[in-house]
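Enquirer: mind folding the following:
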Amino acid sequence: MLIFLLAVFVSQGLGAQEATEKPLAERLLPLIAAHEGEVAVSVRHIGNGEEFHYRSDVVMPTASLIKLPIMIEAYRQAAEGIIDLQATVDWTDTDKVVGSGILTKHLTGGSKLSLSDLVRLMIASSDNTATNLVVDRIGLDATARETASLGFPETRLHSKVYRENTSIFPGHSRKHGFGSTKPSRNVSGSVSLSDRPDIS
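Expert: Model (predicted):
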């Protein structure tokens, strides 16, 4: 089992007393050792600036964590007037994909949903069908462009969920599924999307 972990601890979440008792490394290494799988971690405590990194440059599968950058890109496009979150989206049974969510299991295709509702379903229910419908509206390569511009060039949406034939990063898709990332940020600002040369 592969696991990707990107954690940010805030003082309020840890508790001020607990946060000062043990360094992050002492608290996290036992959890990593106990996990039966591959782990990559990059943590910064916002309150005191303490950092902990473990295999933080290793690219890992995201699974549904990639839906967070998809949401960010959808909201960015909405803010810039590229898409309208209140616009209705037609969807049919052919849009359905397996896995988490409610559209595939509980609703009949042919109805209309707002793009805003689809984003909400993507995040609140991790709905795979809703995710693909959102990706259709924002563009498959848009998420990788946005994450690269923010300093995370290894955070990429490769394809629509359970639609590997749509992959724009086929090498990454074969290794990591429909999304990949690494915990550490590319602080140099350089962007490399060499798996698909037409994205820069």
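Enquirer: which stretches in the chain count as strands?
Expert: Ranges of strands in the chain, per DSSP state E, are 5-9, 41-45, 51-54, 60-61, 88-90, 112-114, 156-157, 179-181.
Enquirer: and the residue nearest the centre of the chain, what does it touch?
Expert: Most central in the chain under CA atoms, centre = their mean is Ile66, positioned 1.8 Å from the mean C-alpha point. Taking CB atoms under 8 Å, 6 or more residues apart in numbering as the definition of contact, the neighbours of Ile66 are Thr143, Thr155, Arg156, Leu157, Phe178, Gly179, Thr181. In short, each C-beta sits where N, CA and C put it, glycine included.
Enquirer: which of the residues you listed sits closest to Asp95?
Expert: Within the set of these, Phe178 lies nearest Asp95; the separation is 15.7 Å, counting by CB to CB.
Enquirer: so for His45, what's the pLDDT?
Expert: The confidence metric pLDDT takes the value 88 at His45.
Enquirer: ok, it to His172 distance?
Expert: Using CB to CB, to the nearest Å, we find His45 at a distance of 31 Å from His172.
Enquirer: the domain parsing of the chain - what is it?
Expert: Per the record, the chain has its domains at 5-54, 64-138, by automatic domain parsing.
Enquirer: so can I have JSON lines of the ones you listed showing distance to Thr166?
Expert: Supplementary listing: those in JSON lines, determined by distance: least, CB to CB, whole Å:
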{"stretch": "domain 5-54", "distance to Thr166": "25"}
{"stretch": "domain 64-138", "distance to Thr166": "9"}
